[in-house]
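Participant: for reference, the sequence and a predicted model appear below.
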Amino acid sequence: MTINQSAFVRQEMNPPLPAPTGQGGLTRWLRLNLFPTPKDTVLTILALALLAYIVPVLVQWLFIDATWTGVDRKACATVSQGGVLPDGQSGACWAFVSAKFQQFIFGRYTYEERWRPLLVMALFVILLIPMLIPKVPFKGWNALALFIVLPVVSFFLLIGGFGLPHVETQLWGGLMITLILSFFGIAVSLPLGIILALGRRSNLPVIKMLCVVFIEVIRGIPLITVLFMASVMLPLFLPVGWTFDKLLRALIGVSLFSSAYMAEVIRGGLQAIPKGQFEGADSLGLSYWQKIRLIIMPQALKLVIPGIVNTFIGLFKDTSLVSIIGMFDLLGIVTLNQADANWSTPVTPVTGYVFAGFVFWIFCFGMSRYSLFMERHLDTGHKR
């Protein structure tokens, strides 16, 4: 009698069993993140109660009672204030933001020529997106176009030349100035910070001393002082008849200030590299610059991505300090327009600041999330 052995062999695996109740899904997440201990439970309940009290009020003010359209202050003022709204009902004045939106973006840039900054912004986005996506090829050419070609083209587009009318930098403002200062500061501070960090670790005493003095002096004074010196004091040391554009002075001051902090971030990454990496590079017969470019710096930069992005975020927010030298970035132009008597209401300043804060948050949050993405993308230490 022959027995068919295949009849006793399972041909398919059993489906996986569901996780035990309370060990998966929303229940597990709540238990681990919101209610793991009695203290955390109390704090979670207090936080939820606070949100339940604040969020409805904010929604009511920002959206339900808000004024979305209007031509002057009457649309956002109550009857007792000379407006049309019932007394006691006064929400956000988004009509003010709508009426002043172009000034918030371009400042006092000539109205007929605002297509030029729009074109520059479009080119910036077109070049930036492929630069941020790791799998897109030709990164070298992309970087050349973004950091070398685009600034030159943008200069002639924004200020004029080659048949375009001249627009003085004193008329520039709003979000345009914020982005220009941020982009230039980021593009300059990172390579300059790398050079300063390498110089501070140099074995040459003169180079090391110069880098240390520059870094410590710049880090020891506030950015307002740097901008004030660049705008007011620097012209006093120049020969008679020599001058620099105010925007150029701000660009130089912001870049130098940020590069000093960037140098310390990079130096922290260099110190975290094991000594064996340097010795291994030397054993391969690599020159100093080959060792730094191929072995050391890629590892150091990967280690300090959070610090680098944190410096970039701080630089983006610190651009609002250029108002001290008479330039109007996004926050400055919002404050300037609040003095318009046609829109003078109790809610106009708050609405303007909420709009400016939201724009700053969008850019800073975007940089933060992208840095997390790059950390995960470059974290090859535990990948198989």
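Facilitator: Sure, I can see it. Numbering: from 1, shown residues only.
Participant: with adjacent residues omitted, what lies nearest to residue 109?
Facilitator: Take residue 109 and drop its neighbours on the chain: the residue closest to it by Cβ to Cβ, 6 or more residues apart in numbering is residue 171, 5.4 Å away. Backbone N, C-alpha and C define where each C-beta goes, glycine included.
Participant: distance of that neighbour from residue 327?
Facilitator: Computed with Cβ to Cβ, to the nearest Å, the distance linking residue 171 and residue 327 is 11 Å.
Participant: and residue 113, by the same measure?
Facilitator: Residue 113 is 19 Å from residue 327, where distance means Cβ to Cβ.
Participant: neighbour count winner among the two?
Facilitator: The residue with more neighbours, out of residue 113 and residue 327 and counting by other Cβ atoms under 10 Å, is residue 327; that gives 24 against 17.
Participant: so where do the strands sit in the stretch 51-200 of the chain?
Facilitator: All residues of the stretch 51-200 of the chain lie outside strands when identified by DSSP state E, counting those that start in this stretch.
Participant: what bits of it have low per-residue confidence?
Facilitator: Within the stretch 51-200 of the chain, no stretch falls below the threshold (pLDDT under 70).
Participant: if we use 80, what do you get?
Facilitator: Low-confidence regions of the stretch 51-200 of the chain, defined by pLDDT under 80, span residues 88-89.
Participant: residue ranges for the helices of it, please.
Facilitator: Listed from the start of the chain, the stretch 51-200 of the chain has helices (DSSP state H, counting those that start in this stretch) covering 94-99, 101-106, 115-132, 139-144, 150-159, 175-200.
Participant: these: which one's closest to residue 336?
Facilitator: Smallest distance to residue 336 across the helices of the stretch 51-200 of the chain (Cβ to Cβ): 8.4 Å, for helix 101-106.
Participant: buried set for the closest one?
Facilitator: Of all the residues in helix 101-106, those buried under the rule 16 or more other Cβ atoms under 10 Å are 103-106.
Participant: do you know the pLDDT at residue 8?
Facilitator: Per-residue pLDDT puts residue 8 at 63.
Participant: then the one 4 residues further on?
Facilitator: Residue-level confidence at residue 12 comes out at 80, pLDDT.
Participant: count the residues that sit near it.
Facilitator: Neighbour count of residue 12, defined by other Cβ under 10 Å: 5.
Participant: which ones are touching it?
Facilitator: Residues touching residue 12, when contacts are defined by Cβ atoms under 8 Å, 6 or more residues apart in numbering, are absent altogether.
Participant: against residue 18, how distant is it?
Facilitator: Here the criterion is Cβ to Cβ. By it, residue 12 lies 19 Å from residue 18.
Participant: now residue 116
Facilitator: When distances are taken as Cβ to Cβ, residue 116 and residue 18 turn out to be 61 Å apart.
Participant: more neighbours, these two?
Facilitator: When neighbours are counted by other Cβ under 10 Å, residue 116 and residue 18 differ, and residue 116 comes out ahead with 21 against 9.
Participant: that one contacts residue 157, doesn't it?
Facilitator: Yes: proximity of residue 116 to residue 157 meets the contact threshold set by Cβ atoms under 8 Å, at 4.8 Å.
Participant: pretty sure residue 307 contacts residue 261?
Facilitator: No: with the criterion set as Cβ under 8 Å, residue 307 and residue 261 do not qualify as a contacting pair; they are 9.1 Å apart.
Participant: can you pull out the low-pLDDT segments for the stretch 201-350 of the chain?
Facilitator: By pLDDT under 80, the low-scoring segments of the stretch 201-350 of the chain are 232-244.
Participant: the longest helix in this protein is where?
Facilitator: helix 348-378 (DSSP state H).
Participant: quick check: angle from that one to helix 115-132?
Facilitator: Inter-element angle recorded for helix 348-378 and helix 115-132: 30 degrees (by axes from the mean of the first three to the mean of the last three Cα atoms, to 10 degrees).
Participant: buried ones in helix 348-378, by neighbour count?
Facilitator: Buried residues in helix 348-378, counted by 16+ other Cβ under 10 Å: 348-349, 351-352, 354-356, 359-360, 363-364, 367, 371, 374.
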